[in-house]
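Novice: Next comes the sequence, and after it the predicted model I'd like to discuss.
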Amino acid sequence: MLFFDSHVDTPSQLIRLRDPGADNAYGHVDFPKLRRGGVGGSFFALYTPAGMSPDGATRYALEMLSAVYDSVERYPEMVAMAFTPEDALRNGPEGRVSIFLGMENGSPFQESLPLLRTFFRLGVRYVTLTHNGDNAIADSAAEGKRWHGLSPFGKKVLAEMNALGMMVDLSHASDETFWDCIRFSRSPVIASHSCCRALCRHRRNLTDDMLKALADKDGYVGINFYPGFLSERFLSDPADAALFDEGERVEAAFIADPSDPVRVREWNLMQDRLRSLWRPGVREIVDHIDHAVEIAGIDHVGIGSDFDGILVPPEGLEDVSMIGKVFAEMRRRGYDESDIDKVAGENLMAVFRRIRG
């Protein structure tokens, strides 16, 4: 069995002086951990913050894109680029993990369909339309006030992505944006890294009606590992919340200057402290898988871990090499191997094929 992850934020880590060919003591994803975890492929998301200017977002996305290609070229014995499911089938027998490209936040292509097509030509195979802010394309779950769904340009983006065979990703989208995309998309849509609102009432999570709509659209949801999307108990203790806020400040200082050894050391020490927080773990992750399977069906559920994009990982799943614990828990709950294979990656590759036509 090989695992295919629909969302990690590793590209931003690559430009923070992390060597992906080393087994890093800190960080959720690197090439040795991918291989040790039995990962067949992973979508590396080009994440740009909502506060960036359009030109700044475009430049930053291109820098991350270059960092991914440079890293893959540096370690050809461990990884290879992939642009289709068929590429992954070729890379696997050669012992190489497939690196796919996604984009988290459509700001880098600004209000330009030619730029969108250029990113597709460069290998980007899905776009998470928004992040934590409304943009020129659509409203986000974090705000949701500008357009009340898709903007007029966003409807053009949707049509262009459908024509290209590019996956439309609704993680981070507002509820109104979600329903606009269900209505207007001619192709299946995905939520690459989202959880179930019935189990954790977070606005980033999907309602049961949304899960049903994804299934009816022949789409896909990848369950997210962020503790705050898995359980409402996370950070319910004021002391835990205060430590988490401190961690965000230390991380921001590190991101501002990742070459400063003092800031690197402070961030690494903070990561150790953050692991003292109460965090949901494998059981809660599989609870969300169970619920999504119950509502959407076994053919529409997978995993989008959000590793390298979350401040703290789930308990007992500190990096991607430990992913086998999720499948062991699924076996304990009575899933058969064919259904585990679907959740582990077959469903993601299947929706990728459907959208490509």
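Specialist: Right, received. Where do you want to start?
Novice: any idea which residue of this structure is furthest from its center?
Specialist: Outermost residue of the chain with respect to the C-alpha centroid, by CA atoms, centre = their mean, is Val262; its distance is 29.5 Å.
Novice: Using CSV, list the CA coordinates for the helix or strand hosting that residue.
Specialist: Assigning secondary structure by DSSP states H and E places Val262 in helix 261-274. The C-alpha coordinates for helix 261-274 follow below in CSV (Å, rounded to 0.1, in the frame of the first residue of the first chain):
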residue,chain,number,x,y,z
PRO,A,261,20.7,30.9,14.2
VAL,A,262,19.2,32.5,17.3
ARG,A,263,15.7,32.5,15.8
VAL,A,264,16.1,29.0,14.5
ARG,A,265,17.1,27.8,18.0
GLU,A,266,14.2,29.6,19.6
TRP,A,267,11.8,28.2,17.1
ASN,A,268,13.1,24.6,17.6
LEU,A,269,12.8,25.0,21.4
MET,A,270,9.3,26.3,21.0
GLN,A,271,8.3,23.3,18.9
ASP,A,272,9.4,21.1,21.8
ARG,A,273,7.3,23.2,24.2
LEU,A,274,4.2,23.1,21.9
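Novice: Tell me which residues of the lengthiest helix in the chain come out buried.
Specialist: The residue-count maximum for a helix in the chain (DSSP state H) belongs to helix 54-74. In terms of neighbour count (16 or more other CB atoms under 10 Å), helix 54-74 has its buried residues at 54, 57-58, 60-61, 64-65, 67-68, 71-72. Just so you know, the C-beta spots here come from the backbone N, C-alpha and C atoms, and that holds for glycine as well.
Novice: packing partners for that helix?
Specialist: helix 10-14, strand 39-47, strand 79-81, strand 97-104 (3 or more CB pairs under 8 Å, 6 or more residues apart in numbering; DSSP states H and E).
Novice: Could you list the low-confidence segments of the protein?
Specialist: Where the chain drops to pLDDT under 70, the residues are 357.
Novice: Let me know the distance separating Arg197 from Val293.
Specialist: Going from Arg197 to Val293 by CB to CB, to the nearest Å gives 16 Å.
Novice: now do Glu176
Specialist: Counting by CB to CB, the separation of Glu176 from Val293 is 27 Å.
Novice: out of these two, which sits in the more crowded spot?
Specialist: More crowded of Glu176 and Val293, by other CB atoms under 10 Å: Val293, with 21 against 16.
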